[in-house]
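Colleague: 3D model of this:
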Amino acid sequence: MGNKVIIIGAGPAGLSAAITLAEKNIGVVVIDEYLYEGGRLLGQLYEETPNKWWNGIAESERLLARAKELNVEFSLQTSVSDLEKIDQDWVLHTNKGVFHTKQLLLATGAAESPFPIPGWTLPGVMSVGAAQVMTNVHRVKPGKRGVIIGVNVLSSAIAMELQIADVQVAAITLPAANLLTINSSNPLEVMNSLLYVSHMAPSPLIKIGSKFMKNEILKKLGIRFYPKDGVKMWGIPIMLRKAVIEIVGKDQVEGVVLATVNIDGSIVPGSEKRIDVDFVCIAGGLYPLAELASLAGCPFHYIEQLGGFVPLHNEQMETNLTGLHVAGNITGIEGAKVALAQGKVAALTIASKLGASVTQIDIQQAIENVETTRANAHIQFHPEVLVGRQKMKEIWAQTLSHTLS
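Modeller: Predicted coordinates:
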């Protein structure tokens, strides 16, 4: 096992990297804790342009077929509990034994950030990603009629997927303001993030209106006069002036209590109103799933534009620890296509270290492909992702100069 590259994570970054390495005749083992390969791809289904769909399941099947054709080895339902460096080897402790490798790629992806709301422990409350997996992977409806709490790029995309599956979404609304929902409960902050998903809206009026909303004065006016009952996208009211203050029900979700909010997110007293639903999705956004990099001893930096704490890495997807590489959402929250492109960069970097026929031009072209893919991304999870990427470049350069001095 020690002479094979190990990749943790069978999502888009991991599969892309595995294929690239195997094409260079390098042995690969891909470890994942889930039942199937594909990661977050398995839940994705959205229209990129009129009549052109991104089907994550079809994409994962295509990647998996190519990986198996190249004899990539998979170890599924395998959880990594510890990670350490012993001599020149990375040693992985799992529920299926100990794995050794000299070159390790962490492609662990992202996890969801929930936020607490009174009643959130009732059966029928779930993360928006769980609703996506239930619907698109397992073909089970999360309920008949629900509410999504949290207005952001992720909730907007998944709401559309639920509608396609004939699941009624009564509204996408804000959470009530508390210490854990500071940005997601502020109508102005939320409108900023929505501007980067407006191109997905079926209404030309919303698409045109979003261009005007990039002016700060017009934005504040837009929030002030935003309809209390929301603006509909795909027939779903997007409510920037309503917040869920409580989820109600005896033995399961039976409804939510909505209240009108002022432009600063504060509740308007006496505006509470109950609506009936049988499920609730909480959409608090995504953060890089980077615990294994932490166990390895990799330094971290908090970069808000990348979704939180991100392991130190360079454009070649190397960390500052010999033999440890990262790719995909562990490096910052972006879409599957960016993760696919990053996986290729990481694989080429690893292959060059192992003596395969890879030139610096090959690696540079792959890096440029990541940048092009990012620039053309259909969905941007953070409007200032380029700022975040630049920050990481600067931190890496500073770290390198300190090391050399």
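Colleague: the bottom helix or strand of this structure by mean pLDDT?
Modeller: When the helices and strands of the chain are scored by mean pLDDT, DSSP states H and E, helix 204-212 comes last with a mean of 42.
Colleague: wait, is residue 281 part of a helix?
Modeller: No: using DSSP: H, G, I helix; E, B strand; the rest coil, the secondary structure at residue 281 is strand, not a helix.
Colleague: what is it paired to in the beta sheet?
Modeller: Going by DSSP bridges, residue 281 is paired in beta bridges with residue 126, residue 148.
Colleague: That one: neighbour count?
Modeller: Residues near residue 281, counting by other Cβ atoms under 10 Å, number 26. For every residue, glycine as well, the C-beta is placed using N, CA and C.
Colleague: residues in contact with it?
Modeller: 126-128, 130-131, 142, 146-150, 155, 158 (Cβ atoms under 8 Å, 6 or more residues apart in numbering).
Colleague: Now for the closest residue to residue 63 other than its chain neighbours: which residues touch it?
Modeller: Spatial nearest neighbour of residue 63, chain neighbours left out: residue 15 (4.2 Å); criterion: Cβ to Cβ, 6 or more residues apart in numbering. Under the criterion of Cβ under 8 Å, 6+ apart, the neighbours of residue 15 are 30, 37, 38, 39, 60, 63, 64, 67, 340, 343.
Colleague: so, if you compare the contacts of residue 281, which one comes nearest to residue 289?
Modeller: residue 127 (13.7 Å; Cβ to Cβ).
Colleague: I'd like to know how far the residue lying closest to the closest one once chain neighbours are set aside sits from residue 43.
Modeller: Setting aside the residues directly before and after it, residue 127 is nearest to residue 112 in space (Cβ to Cβ, 6+ apart), at 4.6 Å. Per Cβ to Cβ, to the nearest Å, residue 112 is found 12 Å from residue 43.
Colleague: before we move on, what about residue 311?
Modeller: From residue 311 to residue 43 the distance is 25 Å (Cβ to Cβ).
Colleague: I'd like the mean pLDDT over stretch 157-170, please.
Modeller: Stretch 157-170 carries an average pLDDT of 89.
Colleague: likewise stretch 101-115?
Modeller: Rounded mean pLDDT across stretch 101-115 is 94.
Colleague: shared neighbours of residue 112 and residue 43, which are they?
Modeller: Common contact partners of residue 112 and residue 43 (Cβ under 8 Å, 6+ apart): residue 129.
Colleague: Any figure for the gap between residue 170 and residue 374?
Modeller: Residue 170 sits 34 Å away from residue 374, going by Cβ to Cβ.
Colleague: And the contacts of residue 15, which is closest to residue 81?
Modeller: Lowest distance from residue 81 to the contacts of residue 15 (Cβ to Cβ) belongs to residue 30, with 17.7 Å.
Colleague: Can you get me a residue count around the closest one?
Modeller: The local packing of residue 30 (other Cβ under 10 Å) involves 25 other residues.
Colleague: From here on, call the first residue 30.
Modeller: Okay, residue one is now 30; in that scheme the one you just asked about reads as residue 59.
Colleague: If it is in a bridge, with which residues?
Modeller: Applying DSSP bridges, one finds that residue 59 bridges with residue 36, residue 103.
Colleague: ok, it touching residue 66?
Modeller: Yes: using Cβ atoms under 8 Å, residue 59 is in contact with residue 66, at 7.4 Å.
Colleague: list the residues that contact both of the two?
Modeller: Here residue 59 and residue 66 share the contacting residues 39, 44, 96, 103, scored by Cβ under 8 Å, 6+ apart.
Colleague: The first one touches residue 59, doesn't it?
Modeller: Yes: using Cβ under 8 Å, residue 39 is in contact with residue 59, at 5.1 Å.
Colleague: list the residues that contact both of the two?
Modeller: What both residue 39 and residue 59 touch, as defined by Cβ under 8 Å, 6+ apart, is the set 66, 103.
Colleague: how about residue 167, secondary structure?
Modeller: Secondary structure, three-state DSSP: residue 167 is coil.
Colleague: so how far is residue 174 from it?
Modeller: Distance from residue 167 to residue 174, counting by Cβ to Cβ: 19 Å.
Colleague: neighbour count winner among those two?
Modeller: Set residue 167 next to residue 174 and count neighbours by other Cβ under 10 Å: residue 174 wins out with 14 against 10.
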